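1. kindly generate the corresponding structure for this input.
(chains A and B)
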Amino acid sequence: MGRPIVSVFCGALVALALAGCAAQPAHRTLYEDLGGQKGVEAIVSEMLLKVADDRRISAAFAASNLTRLRRLLAEQVCAVADGPCKYTGYSMVESHRGMEVTEIEFNAVVEALIYAMEDLKIATPTQNRLLAKLAPMRDEIIYR
Amino acid sequence: MHSKPSGWRIAALGALVALASSSAYAGGRLLATGGGIPLAGAAGGGIVPWAVLSGYSADEEHGLTGAYTRVETDDYTLDAFALSYDFYNRVEVSASRQTFDIGSLTPALGFDPGDLKQDTFGVKVRLTGDAVFTRRPQVSVGLMHGKNTEYLIPSVVGSRRDSDNDFYVAATKVWLTGPLKHMALLNITLRSTRANQIGLLGFGGDLNDSRQTMFEMSAATFVNRKLAVGFEYRQKPNNLSFAKEDDWRDVFAAYFPNKHFAIVAAYADLGSIVLPHQSGFYISFEGSR
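-> All right, here's what the predicted structure looks like:
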């Protein structure tokens, strides 16, 4: 009992492992798939509108200089998406120090980003490629 | 012996509708991260508990999830009502009432055996990790206590006790960019158990009465943010000489239209359950708040 299932399972593991290594195609960058500079700026603007509408997180962002925040977020998205930008803001740890960002607040911002990309009709796999680039920042952001 | 809809069943269905239709704020975790809670109330796939916790509560929240599940195989039907409560995405407590209609055995037995009935109570604790965001998998440990509330048939077929505890450890990992660029999930669970047919036929038996470690897994890929499809495998002990017990497997689709409602449908191959070749459809309706 169960031997074929084990081999199917091993096959699935290998497939997942390979996909993890080979997810980035060589030609088009994520930045291009997001619509270049215009696309990235649209995503950030839309996301900040959704943040302002979400009472779980709007207060935390209300004190920010919105023009500066929008510029830095766009720089950051562009940079992690292999676009031609350099992020010039503080590190994630520095910029969230003392804010005690909770998982709820972190997830709310992620949701704002997802819904912004949904509204802008960005393909789900492209959305997920950006989320995967940003996911490692979670530990640098929450409970600082 | 088909049981009539009893008061608690109607109450449970009413509660489920109330949960699913609630407009209250649903919790701070991302869509689909609570999995389903079919059968025994522990969050997971159709037949395997995962390391994720039920519902959508994040670190400063708690929330209730309820489910009604029905499985129809060639000769049997299984109804399960399950409730699950998650505290702070850290501790999940669950309970279920399972009724397994074996009326089709009446001709073979020469008498109506009634339903097999089991109540379960479970606790699961998330030890480490976040299935979506951390590089390492989310890992949880759980206890599942099962108790037969009708024990005649299990005792006749050689079961040794009407209640027992399963212990399990589960690891769940989500890849945002999985195979074919779609989000993918893999869960592996190891369970220490001596349950016969997940406890519906009691615990321990004449062939074997000691704990064995069983391997269980689920793999899924997300078609989009709301729809996941996958397959599952659950290895099972073989404790009773009366009737051989087979491993279970299923292919499933889970639809999460929002954080209040989910539906899990599956085609399950449950192997031999006294009668051979039990396969059929499985559906679970779930509500969270």
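2. use CA for all of it now, contacts and neighbours both
-> OK.
3. where does chain B come near chain A, residue by residue?
-> By the rule C-alpha under 8 Å from any C-alpha of the partner chain, the part of chain B lying against chain A is B:27-30, B:58-60, B:133-135, B:175-183, B:219, B:224-225, B:233, B:235, B:246-247.
4. try 7 Å this time
-> With the criterion set to C-alpha under 7 Å from any C-alpha of the partner chain, chain B comes near chain A through B:28-30, B:58-59, B:133-134, B:176-179, B:181-182, B:224.
5. PyMOL command to pick out the buried ones of the residues you listed?
-> Only the buried entries of the residues of chain B next to chain A go into this PyMOL selection, using 16 or more other C-alpha atoms under 10 Å in any protein chain shown:
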select buried, chain B and resi 28+29+30+58+59+133+134+176+177+178+179+181+182
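6. so what's B:Q138 bridging to?
-> B:T172 (DSSP bridges).
7. next, the contact list for it, please.
-> Contact analysis of B:Q138 by C-alpha atoms under 7 Å, 6 or more residues apart in numbering or on different chains lists B:51, B:128-131, B:171-173.
8. now with 8 Å?
-> By C-alpha atoms under 8 Å, 6 or more residues apart in numbering or on different chains, B:Q138 lies in contact with B:51-52, B:126-131, B:171-173.
9. make a ChimeraX selection of the buried ones in those.
-> Here is the ChimeraX command that selects the buried residues among these (16+ other C-alpha under 10 Å):
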select /B:51,52,126,129,130,131,171,172,173
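10. B:P257: what secondary structure?
-> Assigned with DSSP: H, G, I helix; E, B strand; the rest coil, B:P257 falls in the coil class.
11. show the contacting residues for it.
-> B:K226.
12. what about the helices in the stretch 151-289 of chain B?
-> B:152-156 (DSSP state H, counting those that start in this stretch).
13. follow-up on the earlier one: so which of the contacts of B:Q138 belong to strands?
-> Judged by DSSP state E, strands contain the following of those: B:126-128, B:171-173.
14. picking that back up, want to throw the contacts of B:Q138 into a markdown table with distance to A:E140 and pLDDT?
-> Shown next, in a markdown table, are the contacts of B:Q138 (distance: C-alpha to C-alpha, whole Å; pLDDT from 0 to 100):
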| residue | distance to A:E140 | pLDDT |
| --- | --- | --- |
| B:A51 | 24 | 97 |
| B:V52 | 22 | 97 |
| B:R126 | 21 | 98 |
| B:L127 | 20 | 98 |
| B:T128 | 17 | 96 |
| B:G129 | 15 | 95 |
| B:D130 | 14 | 95 |
| B:A131 | 17 | 96 |
| B:A171 | 23 | 98 |
| B:T172 | 22 | 98 |
| B:K173 | 20 | 97 |
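15. closest to B:T65 among the contacts of B:Q138?
-> Within these, the smallest distance to B:T65 is 13.4 Å, found for B:V52 (C-alpha to C-alpha).
16. show me what contacts that closest one?
-> Contacts for B:V52 (C-alpha under 8 Å, 6+ apart) come out as B:33-35, B:43-44, B:126, B:131, B:138, B:140, B:172.
17. for the chain, name the helix or strand with the lowest mean pLDDT.
-> Reading this off chain A. helix A:3-21 (a mean of 52; mean pLDDT, DSSP states H and E).
18. can you pull out the strands in the chain?
-> Just going to use chain A. Counting by DSSP E, chain A contains no strands.
19. hmm, I had chain B in mind actually
-> B:62-73, B:77-87, B:91-101, B:115-128, B:138-150, B:163-175, B:184-193, B:212-222, B:227-234, B:248-255, B:261-269, B:279-288.
20. could you export the ones you listed as CSV, including distance to A:V110?
-> CSV is the format used below for those (distance: least, C-alpha to C-alpha, whole Å):
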stretch, distance to A:V110
strand B:62-73, 20
strand B:77-87, 22
strand B:91-101, 24
strand B:115-128, 21
strand B:138-150, 19
strand B:163-175, 16
strand B:184-193, 18
strand B:212-222, 18
strand B:227-234, 19
strand B:248-255, 21
strand B:261-269, 21
strand B:279-288, 21
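21. so which of those strands gets nearest A:V77?
-> Comparing the strands of chain B by C-alpha to C-alpha, strand B:163-175 comes nearest, at 19.9 Å.
22. beta partners for the residue lying closest to B:F281 once chain neighbours are set aside?
-> For B:F281, ignoring the flanking residues on the chain, the nearest one in space by C-alpha to C-alpha, 6 or more residues apart in numbering or on different chains is B:Y267 at 4.7 Å. B:Y267 has these beta-bridge partners by DSSP bridges: B:V251, B:F281.
23. what sits against the closest residue to B:L78 other than its chain neighbours?
-> Using C-alpha to C-alpha, 6+ apart and skipping residues adjacent in sequence, the residue nearest B:L78 is B:F100, 4.4 Å away. Taking C-alpha under 8 Å, 6+ apart, we find B:F100 in contact with B:76-79, B:115-117, B:200.
24. just list whatever residues bridge to B:F100.
-> Here B:F100, judged by DSSP bridges, has bridge partners B:L78, B:L116.
25. of the ones in strands among the contacts of B:Q138, closest to B:N208?
-> B:A171 (27.9 Å).
26. residues near B:R211, how many?
-> 17 (other C-alpha atoms under 10 Å in any protein chain shown).
27. residues contacting it?
-> B:R211 neighbours (C-alpha under 8 Å, 6+ apart): B:192-194.
28. for residue 123, the count of nearby residues, please.
-> No chain was given, so I picked chain A. For A:A123, using other C-alpha under 10 Å, the count is 13.
29. hm, I was asking about chain B
-> Counted with other C-alpha under 10 Å, B:V123 comes out at 20.
30. so which residues make contact with stretch B:104-112?
-> B:1, B:75-76, B:103, B:113.
31. for residue 79, give me its contacts.
-> Using chain A here. A:85-87.
32. the chain in question should be chain B.
-> Contact analysis of B:D79 by C-alpha under 8 Å, 6+ apart lists B:68-71, B:98-100.
33. that one and B:P276, how far apart?
-> 20 Å (C-alpha to C-alpha, to the nearest Å).
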